[in-house]
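Enquirer: Generate coordinates for the sequence data below:
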Amino acid sequence: MYQIEKTKEITDCENIVAVMSGNFVQRGSAAICDKWARAEMAVKNGVNLVIELPSAYSCQTAEIFAKGAIEILNALNIVDGISFGVENDNKEEIIKTATVLNNETSEFKEELNKQLSLGIGYPKARQTALKAVYGIDLTDSPNNILAVEYVRQLQKLGSNIDIVPIKRKGSFHDKEGSASYIRELIKEGRDFSDFVPENVAEIVKRETDNGTMPVLDSAFSQALLYKLRTVSPKELKNIADMAEGLENRIIAEGAKQSDIETLVSAVSTKRYSNARIRRILQNVLLGITKEETAKSPSYIKVLGADKKGFAMLKEIKDKCSLPVIVKTADGKDLPELQKEIQRSSVYSLGYKNKDVSLSSQEYTMGPYILK
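Expert: Take a look at the predicted model:
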């Protein structure tokens, strides 16, 4: 709510569009509740239009996550500015860092390779190289990294969209009041109502009573292990974010471990962080390939809107360079959307209420509409 309200205060904007991850998210995990419930939360708290970020982008590194989100927003042809939360809200420094990374010098590449040769993971190696060569110390948190990647994508597109960095306040990651902290309270059945708007607490209660929340990663362990025990190294090499040789290690450990958590711990190393391994395993589960993440989004899928959002949709349909899907049935000729529907069906394995199938929900739910 703070992000939404601060954006309105700074920009005096007429409308807010949110590009939101679908049922699988960037931390390499299933979303704790499905995309329609989260779209409803967003619209009830000030977002006018919610658009889905497909899992081919939402489950990936900051660079690919940003690519999908920015290309979608740019394709709408009505967006003036992009607002995001950061620890460092120095706009000039964010733009400078993005420019440097889009135009890597031989000196920077040499320093980066030097750091990587020490066995350091890429994010940390890049951060160290930026500081050593340019004196830039910005990419020290996931939010700052995403901010830089948003700008890099805008620069690559030659977009005129402005950026609106907003300094985050309140809870730090994993601390009281943070998203991860609230998720843990929900999973444990404890009271979390002090940390969210009242209408969000009501939606969570409704979804919990319906048996569609919380969705836990443990629900997908057997499906993932089955895949790892029946796939070839050659097939696994094509999975998004898979590093050379890592496929053999993952297959070997997949044959030994009994759940996702122990598998992540067994495969992770100093070079390959827990977060990266989680994302790779999620890509394995969903069958997301390197080829798929390299492509640009091919459609706009609406998840929620209020009255102003629907008015915007009319303008978007006139100006947008991609097909705009409000009813899922209208996207039957879009292969990428059909893949997303299949992945939604996988997500429904996490529902406690096994009578609910997300594959059918894709056709029966429709976007959440605030009357």
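
Enquirer: which residue packs closest to K175, ignoring adjacent ones?
Expert: Nearest residue to K175 in three dimensions, chain neighbours excluded: Y181, at 6.4 Å (Cβ to Cβ, 6 or more residues apart in numbering). In short, each C-beta sits where N, CA and C put it, glycine included.

Enquirer: Counting neighbours, what do you get for R126?
Expert: Here the number of neighbours of R126 (other Cβ atoms under 10 Å) works out to 19.

Enquirer: typo on my end, it should be S348
Expert: Residues lying near S348 (other Cβ under 10 Å) number 20.

Enquirer: how about it, secondary structure?
Expert: State at S348, reduced to three classes by DSSP: H, G, I helix; E, B strand; the rest coil: helix.

Enquirer: Let me know whether it touches V356 as I believe.
Expert: Yes: here S348 lies in contact with V356, judged by Cβ atoms under 8 Å, at a distance of 6.3 Å.

Enquirer: Go ahead and confirm G366 touches K327.
Expert: Yes: using Cβ under 8 Å, G366 is in contact with K327, at 6.5 Å.

Enquirer: Wasn't S258 part of a strand?
Expert: No: going by three-state DSSP, the assignment for S258 is coil, not a strand.

Enquirer: Tell me how far it lies from I251.
Expert: Noted for S258: a distance of 16 Å to I251, by Cβ to Cβ, to the nearest Å.

Enquirer: The two - which one has more neighbours?
Expert: I251 (16 against 10).

Enquirer: Show the contacting residues for the more buried one.
Expert: Contact partners of I251, counting by Cβ atoms under 8 Å, 6 or more residues apart in numbering, are 228, 231, 233, 236.

Enquirer: which secondary structure element contains it?
Expert: helix 246-254 (DSSP states H and E).

Enquirer: List the buried residues of that helix.
Expert: 246-247, 250-251, 253-254 (16 or more other Cβ atoms under 10 Å).

Enquirer: mind exporting it as CSV, just the C-alpha atoms?
Expert: Presented in CSV, the C-alpha positions along helix 246-254 are these (Å, rounded to 0.1, in the frame of the first residue of the first chain):
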residue,chain,number,x,y,z
LEU,A,246,25.2,-28.7,-13.3
GLU,A,247,22.6,-31.0,-14.9
ASN,A,248,24.7,-34.1,-13.9
ARG,A,249,24.9,-33.0,-10.3
ILE,A,250,21.1,-32.3,-10.1
ILE,A,251,20.3,-35.7,-11.7
ALA,A,252,22.6,-37.5,-9.3
GLU,A,253,21.2,-35.8,-6.2
GLY,A,254,17.7,-36.2,-7.5
